[in-house]
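J.: Fold the following, please.
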Amino acid sequence: MRCVFLALSVVGVASSDAFGKKNLAAAQRDLELGEGKQWNTATPEEAQKLMDEEAALYAPKINCAFTPSSPIGFAATGKSQTECGELFGKSFTGISTHKGWKCDWAVAEGSGGKTVIAWCPFKYTLDSTGEVVSSTSMLKYEFDDEGLIVGYFQDFDTSKFANAAPSLSLPASSTTSFMPMLAVSAVLGSAAVVVGLVRVLQRKPESLLNGYEGLAA
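T.: All right, here's what the predicted structure looks like:
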């Protein structure tokens, strides 16, 4: 009986790992689709194909949030991907993000492969002053049992934004950029480096996960 239990446990772990890898690939593809390189020369038909590809990654209704502790942040539930994109677009008014994402990725331990997190150093320019700001963004994707995205969350320090008070304090760093969702003509940096499940999570600020627990699928 013990051997049977151990065998079933191994199968369960392997299945969870495979599911996590599949969801990780989907999150990375979503980020890659948003970078915009393909859109520069796309015909209307090709652009529609790209939009359809990204839409296929998402459930009909999702939860989304951007730095809820910030005056320009938000937290929304039961929205379409397009509606979430519009909310992100409003929050990002007044800045121009830079291209070239180089993110660290991890499947959250204990999530059964349903939570994927990325830590992305990036830069953006304040449209009002021309100042270039370096920061680090946390992206969190939540998946359902079918492997569809049901939650999309982003968090970073918004204290440099016009009319925004300081929010979460993140370590400044160099490179890259972000603007979420194809629905608002997003320009996301492509990601590639997959890291150990615990290594990335252990070295990042736990406070970044605050405010999202109630939104997780």
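J.: and the host helix or strand of Cys84, what other elements does it pack with?
T.: In this structure, Cys84 sits in helix 81-91 according to DSSP states H and E. Contacts defined by 3 or more C-beta pairs under 8 Å, 6 or more residues apart in numbering; DSSP states H and E place helix 81-91 against strand 58-66, strand 74-79. For the C-beta atoms, the positions are set from N, CA and C on the backbone; glycine is no exception.
J.: other SSEs contacting the longest one?
T.: Under the contact definition 3+ C-beta pairs under 8 Å, 6+ apart, strand 58-66 sits against strand 74-79, helix 81-91, strand 149-155.
J.: Strand partners (parallel or antiparallel) of the first one?
T.: Translated: strand 74-79. Strand 74-79 has its sheet partners listed here by DSSP bridges as strand 58-66 (antiparallel).
J.: mean confidence for the partner strand?
T.: What strand 58-66 shows for mean pLDDT is 97.
J.: Now do the buried residues in that strand.
T.: Neighbour-count burial for strand 58-66, counted by 16 or more other C-beta atoms under 10 Å, picks out 58-59, 62-66.
J.: can you name the two of those residues that are farthest apart?
T.: Within these, two members stand farthest from each other by C-beta to C-beta: Ala59 and Phe66, at 19.0 Å.
J.: So Glu32: helix, strand or coil?
T.: Per DSSP: H, G, I helix; E, B strand; the rest coil, the local secondary structure of Glu32 is helix.
J.: Number of residues surrounding it?
T.: Residues lying near Glu32 (other C-beta atoms under 10 Å) number 17.
J.: how much space between it and Leu50?
T.: Separation of Glu32 from Leu50 (C-beta to C-beta, to the nearest Å): 11 Å.
J.: And Glu54, its phi and psi?
T.: Note on Glu54: backbone dihedrals following degrees, to the nearest 10 are phi -70, psi -40.
J.: got a list of what it touches?
T.: Glu54 sits next to 30, 33-34, 81, 182 when contact means C-beta atoms under 8 Å, 6 or more residues apart in numbering.
J.: Start and end of stretch 145-152, how far apart?
T.: End-to-end span of stretch 145-152 (C-alpha to C-alpha, to the nearest Å): 16 Å.
J.: Next, the buried residues of that stretch.
T.: By 16+ other C-beta under 10 Å, the buried positions in stretch 145-152 come out as 148-152.
J.: What are the contacting residues of that stretch?
T.: Applying C-beta under 8 Å, 6+ apart, the contact partners of stretch 145-152 are 19, 22-23, 26-27, 30, 57-59, 61-64, 84, 139-144, 180-181, 215-217.
J.: again, only using 7 Å
T.: Outside of stretch 145-152, the residues within contact range by C-beta atoms under 7 Å, 6 or more residues apart in numbering are 19, 22-23, 26, 30, 57-59, 62-64, 84, 141-144, 215-217.
J.: Give me the buried entries from these.
T.: With burial judged by 16+ other C-beta under 10 Å, the buried subset of the contacts of stretch 145-152 is 19, 23, 26, 30, 57-59, 62-64, 84, 141-143, 215-216.
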